[in-house]
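Participant: sharing a sequence plus its predicted fold:
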Amino acid sequence: MDFCIRRADKNDAPALAAILTQSWKEAYAHILPTAELDSAADKERYTAVFTSMAQNRANTFLVAYCGGIPCGMLLFCPARDEDLSDYAEIVALYTLQKYWGSGLGRALTEKALDEIQPQYAGAALWVLQENARARRFYEKFGFAPDGKTKTENFSNKPHSVRYVKPLAR
C-alpha cells in the first residue's frame, strides 16, 4: 500500500478525530468498558480539541492517507512529564484497523522520530498495559518501559505503562 503522510493543520481536525475515535473502538474494545469507551470516543469533541491543539506550534500532528482516504494519525509534543523535560512525547498514534500490519504505523512512527530526533534527547509515550499488540510494536522501535505507571480514568482502572527511547542528536 502507498501512503501519503504529511503534517496536519486545524483543517484536518475532523479527519484526525474520526481516525482517533474509530481506532479507539477497534483497539480498546477488549480492554475498556464498552459504554465508557463509546462515551470517550466522541468525534465532535475531538474535532474541537484537535482544532484548538493544531493552532499551538508545540503540537505536531501527522495525518496519513491511502488512496485519498484518511487512515492514520500521530500527535507529538514536548513531553508532559516533568522528569522528561528534554524528551518529546508521542501522545497519539492510531491507524484504522483495516491498516493494521500494513506498515502504516511504522511509517508514521519513523516520520515522527525523524522530526523529533534533532530537537529532543528522546521520545516517550504511554500505552495501556493490556495492549500487548501496541507494546510489541513500540518495542520493535527500541522503546522500553521505564518503570513508570499510571491508572487511567475508567471504571475498570486500567494501567498505562510509560515507554522511553533515548535518541542520539
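Facilitator: Structure's in. What do you need?
Participant: so where is the protein shaky, pLDDT-wise?
Facilitator: By pLDDT under 70, the low-scoring segments of the chain are 169.
Participant: can you map out the helices along it?
Facilitator: Using DSSP state H, the helices of the chain run over residues 13-28, 34-40, 43-53, 104-116, 132-140.
Participant: which of those helices sits closest to residue 72?
Facilitator: Nearest to residue 72 among the helices of the chain is helix 104-116; the distance by Cβ to Cβ comes to 4.8 Å. Bear in mind the C-beta positions are built from the backbone N, C-alpha and C, glycine included.
Participant: may I see the buried residues of that closest one?
Facilitator: Neighbour-count burial for helix 104-116, counted by 16 or more other Cβ atoms under 10 Å, picks out 104-105, 107-109, 111-113, 115-116.
Participant: rewinding a little: put together JSON lines for the helices of the chain, with distance to residue 70 on each row.
Facilitator: Output for the helices of the chain, formatted as JSON lines (distance: least, Cβ to Cβ, whole Å):
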{"stretch": "helix 13-28", "distance to residue 70": "4"}
{"stretch": "helix 34-40", "distance to residue 70": "20"}
{"stretch": "helix 43-53", "distance to residue 70": "12"}
{"stretch": "helix 104-116", "distance to residue 70": "11"}
{"stretch": "helix 132-140", "distance to residue 70": "20"}
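Participant: winner for burial among these?
Facilitator: Across the helices of the chain, averaging neighbours per residue (mean count of other Cβ atoms under 10 Å) puts helix 13-28 on top, at a mean of 20.
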